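K.L.:
predicted structure and sequence below. I'll ask about it afterward.
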There are 2 protein chains.
Amino acid sequence: MPTLVTDPPFGRDGREIRLMPQLSAYPDTQPSLTAQVFERLRADIIDCRLQPEARLRLEELRERYGAGASPIREALMRLEVEGLVILEQNRGFRVSPISRAHLIDLTANRIEIEGLALKWAIECGGVEWEAEIIGAFHRLTRQEKSERDEPGQISEGWKKEHRAFHRALVGGCGSPILLSIQEALFDQAERYVALSIARRAVPRNDVAEHKRIMDAVIARDIGRAVEANRVHIERTTEKVLATLQALAA
Amino acid sequence: MPTLVTDPPFGRDGREIRLMPQLSAYPDTQPSLTAQVFERLRADIIDCRLQPEARLRLEELRERYGAGASPIREALMRLEVEGLVILEQNRGFRVSPISRAHLIDLTANRIEIEGLALKWAIECGGVEWEAEIIGAFHRLTRQEKSERDEPGQISEGWKKEHRAFHRALVGGCGSPILLSIQEALFDQAERYVALSIARRAVPRNDVAEHKRIMDAVIARDIGRAVEANRVHIERTTEKVLATLQALAA
DNA sequence: AGTCAATATATTTTCGAAAATTCTCTTGTT
DNA sequence: AACAAGAGAATTTTCGAAAATATATTGACT
């Protein structure tokens, strides 16, 4: 079974260049335990199965994820840099707190970062990029937002397609750095949405908002696209702020 | 259940609120081994004592930093998220490669991110912020850029003050998120400068550039400040690109 | 020679327990 | 009652070695 000749992603080390790498040297290795724990922890935090400020005791996490101390701490260290977790010296980890101030900061930054990414994408994205967006939008509209059995819940499928759509929008910007920033901020924001939903807020219908962004992007109208994106982000934040407010009261 | 809407940064846990915390509960704990290793590794990579693409073998690092596997791997995981290190599954870590493309991407992003931070800072920074800048500028100008004994080397002191000056400029923006992004990008960029210096490039005199930024900021002229900052960043990058070019040839 | 398989070596990844630190609870003192 | 000190428990941090994986080497076969 011949390996497809793809650009070898890494390892451009004189010593490592071989005419034909042994197949066994590049198996589809399953992700390391650290990587698995990282993904699960990240998802659990974003979806608020682990609540803001919840203590993350090592013993509990070992139980929950079936791993030793090392992979778990390594995953937590990554999450701390991404802002989903905080570490207090010798006092362990907890899920990052949420707050009005943080949400507002996050929103302002998302508007700017995504706006910039949109601008660059419109300036330099090609047809392939446009096609991705249109495809992603189609998949998003064909996806039920709420689960049939749990009406006040956003479906996993919808969340996935929603993320994919936003990713497609900025995907043509040509800047890996900007994309990674965008993704980190998106993750953080999702946490607030999950929280708002968990508080029985009714999911809102935002198909029109998404369509407006897409239309402006396809029309290559930077100003309109950035503006539509701003509106979309701000609407979401307003909704979340309202439920947070109601909760505090 | 966590309270949602108050803003104090940490530890807003009913149980932890005490009238007067016991002193012994908050000692000046010395940083954990992980934290120490992280700082040293980060510095070694930024200053190119660990060269781009160098393999980071666990055993060597244990030797170098006098620590066990856990702290070192934890530090490396953090650095990977920050982009200073890359991890290849089961094949270990190496220092992130450098490239023209990456430097150019970095530069474009720095111009935008720092520009935005400058804008926000000018809009909402107070007198204290202005004073910090003026102080930082003063310290920077009083610091020798080159070491007396090593003329083609940038002094540690200057690098520290230079970082502090740029930090002071954006420090008033009021956005912790934007500041953390700015810092991460600054770190990455420093690596290229260090590399260029290591290649015997003569440090350039950029006092005037810094002064131009500061004057515009103090005059609260957003356009001029952002423009001056853009010029400063681009000049640095041009210099680095030139030495990289010469190196490749 | 060149390829392949099998083996040996090197390296990363993971675990379980020891060491260090923080937290909790009791007891004694003013 | 309030506070401080100290023993004991809980938890985090770190280590050293085992398990898993990747790389290098050897030797047989074409």
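P.N.:
The structure has been received and is ready for your questions. As the structure is a computational prediction, the values presented were derived from the model and not from experiment. Residues are numbered from 1 along each chain as shown, chains lettered A, B, ... in the order given.

K.L.:
in chain A, which residue is most central in space?
P.N.:
Residue closest to the mean C-alpha point of chain A, counted by C-alpha atoms, centre = their mean, is A:Asp187 at 3.9 Å.

K.L.:
test my guess that it contacts A:Glu82.
P.N.:
Yes: counting by C-beta atoms under 8 Å, A:Asp187 does reach A:Glu82; the two are 6.9 Å apart. Just so you know, the C-beta spots here come from the backbone N, C-alpha and C atoms, and that holds for glycine as well.

K.L.:
what do those two both touch?
P.N.:
A:Arg42 (C-beta atoms under 8 Å, 6 or more residues apart in numbering or on different chains).

K.L.:
where do the strands sit along chain A?
P.N.:
Here chain A has its strands, by DSSP state E, at A:55-56, A:85-88, A:92-95.

K.L.:
identify whichever of the ones you listed lies nearest to chain B.
P.N.:
For chain B, the closest of those is strand A:85-88, at 7.2 Å, according to C-beta to the nearest C-beta.

K.L.:
remind me what the closest one packs against, helices and strands.
P.N.:
Helices and strands touching strand A:85-88, by 3 or more C-beta pairs under 8 Å, 6 or more residues apart in numbering or on different chains; DSSP states H and E, are helix A:69-82, strand A:92-95.

K.L.:
in its sheet, what does the shortest one sit against?
P.N.:
The partner list of strand A:92-95 in its sheet, established with DSSP bridges, is strand A:55-56 (antiparallel), strand A:85-88 (antiparallel).

K.L.:
that one near DNA strand D at all?
P.N.:
Yes: counting by C-beta under 7 Å from any atom of the strand, contacts between strand A:92-95 and DNA strand D involve A:Gly92, A:Phe93.

K.L.:
buried residues in that strand?
P.N.:
Buried residues in strand A:92-95, defined by neighbour count with 16 or more other C-beta atoms under 10 Å in any protein chain shown: A:Phe93, A:Arg94, A:Val95.

K.L.:
next one: the longest one
P.N.:
In terms of neighbour count (16+ other C-beta under 10 Å), helix A:69-82 has its buried residues at A:Pro71, A:Ile72, A:Arg73, A:Glu74, A:Ala75, A:Leu76, A:Met77, A:Arg78, A:Leu79, A:Glu80, A:Val81, A:Glu82.

K.L.:
what does it contact?
P.N.:
For helix A:69-82, using C-beta under 8 Å, 6+ apart, the contacting residues are A:32-34, A:36-38, A:41-42, A:45, A:56, A:58, A:61-62, A:65, A:85-87, A:93, A:184, A:187, B:34, B:69-70, B:73-75, B:77-78, B:80-82.

K.L.:
anything in it near DNA strand C?
P.N.:
Yes: counting by C-beta under 7 Å from any atom of the strand, DNA strand C has neighbours in helix A:69-82: A:Ala69, A:Ser70, A:Pro71, A:Glu74.

K.L.:
tilt between that helix and helix B:69-82?
P.N.:
Relative orientation of helix A:69-82 and helix B:69-82, computed by axes from the mean of the first three to the mean of the last three C-alpha atoms, to 10 degrees: 30 degrees.

K.L.:
still on that earlier bit, restrict the residues of helix A:69-82 next to DNA strand C to contacts with DNA strand D.
P.N.:
Near DNA strand D, by the rule C-beta under 7 Å from any atom of the strand, you find A:Ala69, A:Ser70 out of these.

K.L.:
mind putting the residues of helix A:69-82 next to DNA strand C into JSON lines with pLDDT?
P.N.:
Below are the residues of helix A:69-82 next to DNA strand C laid out as JSON lines (pLDDT from 0 to 100):
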{"residue": "A:Ala69", "pLDDT": "96"}
{"residue": "A:Ser70", "pLDDT": "97"}
{"residue": "A:Pro71", "pLDDT": "97"}
{"residue": "A:Glu74", "pLDDT": "98"}
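
K.L.:
residue of chain A closest to DNA strand D, please.
P.N.:
Going by C-beta to the nearest atom of the strand, DNA strand D is nearest to A:Gly92 of chain A, at 2.8 Å.

K.L.:
quick check: that residue touching A:Ala54?
P.N.:
No: applying C-beta under 8 Å as the test, A:Gly92 and A:Ala54 come out as separate, 11.2 Å apart.

K.L.:
distance between the lengthiest helix in chain A and the chain's centre?
P.N.:
Secondary structure of chain A per DSSP state H: the longest helix is helix A:222-248. The chain centre lies 17 Å from the centre of helix A:222-248; the measure is C-alpha atoms, centre = their mean, to the nearest Å.

K.L.:
could you do stretch A:66-84 as well?
P.N.:
On C-alpha atoms, centre = their mean, the centre of stretch A:66-84 falls 17 Å from the chain's centre.

K.L.:
kindly report the same for stretch A:59-76.
P.N.:
Mean C-alpha position of stretch A:59-76 versus that of the full chain (C-alpha atoms, centre = their mean) differs by 22 Å.

K.L.:
can you tell me the distance between the two ends of it?
P.N.:
Using C-alpha to C-alpha, to the nearest Å, the gap from the first to the last residue of stretch A:59-76 comes to 14 Å.

K.L.:
what's in contact with stretch A:205-218?
P.N.:
Applying C-beta under 8 Å, 6+ apart, the contact partners of stretch A:205-218 are A:118, A:121-122, A:130, A:133-134, A:137, A:140-141, A:145, A:165, A:169, A:224-225, A:227-229, A:231-232, A:235-236.

K.L.:
drop anything exposed from these.
P.N.:
Buried members of the contacts of stretch A:205-218, counted by 16+ other C-beta under 10 Å: A:118, A:121-122, A:130, A:133, A:137, A:140, A:145, A:165, A:169, A:225, A:228-229, A:232, A:236.

K.L.:
from the residues you listed, which two are the most distant?
P.N.:
Farthest-apart pair in these is A:Ile122 and A:Lys145; separation 27.4 Å (C-beta to C-beta).

K.L.:
that older thread, how about the strands of chain A in CSV, adding distance to B:Val207?
P.N.:
Shown next, in CSV, are the strands of chain A (distance: least, C-beta to C-beta, whole Å):
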stretch, distance to B:Val207
strand A:55-56, 48
strand A:85-88, 39
strand A:92-95, 44
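
K.L.:
and those strands: which comes nearest B:Ala201?
P.N.:
Smallest distance to B:Ala201 across the strands of chain A (C-beta to C-beta): 38.5 Å, for strand A:85-88.

K.L.:
could you confirm whether the closest one reaches DNA strand D?
P.N.:
Yes: Strand A:85-88 is in contact with DNA strand D by C-beta under 7 Å from any atom of the strand, via A:Leu87.

K.L.:
quick one: that strand to chain centroid distance?
P.N.:
With C-alpha atoms, centre = their mean, you get 20 Å for strand A:85-88.

K.L.:
please apply the same query to stretch A:162-179.
P.N.:
Stretch A:162-179 sits 11 Å away from the centroid of its parent chain (C-alpha atoms, centre = their mean).
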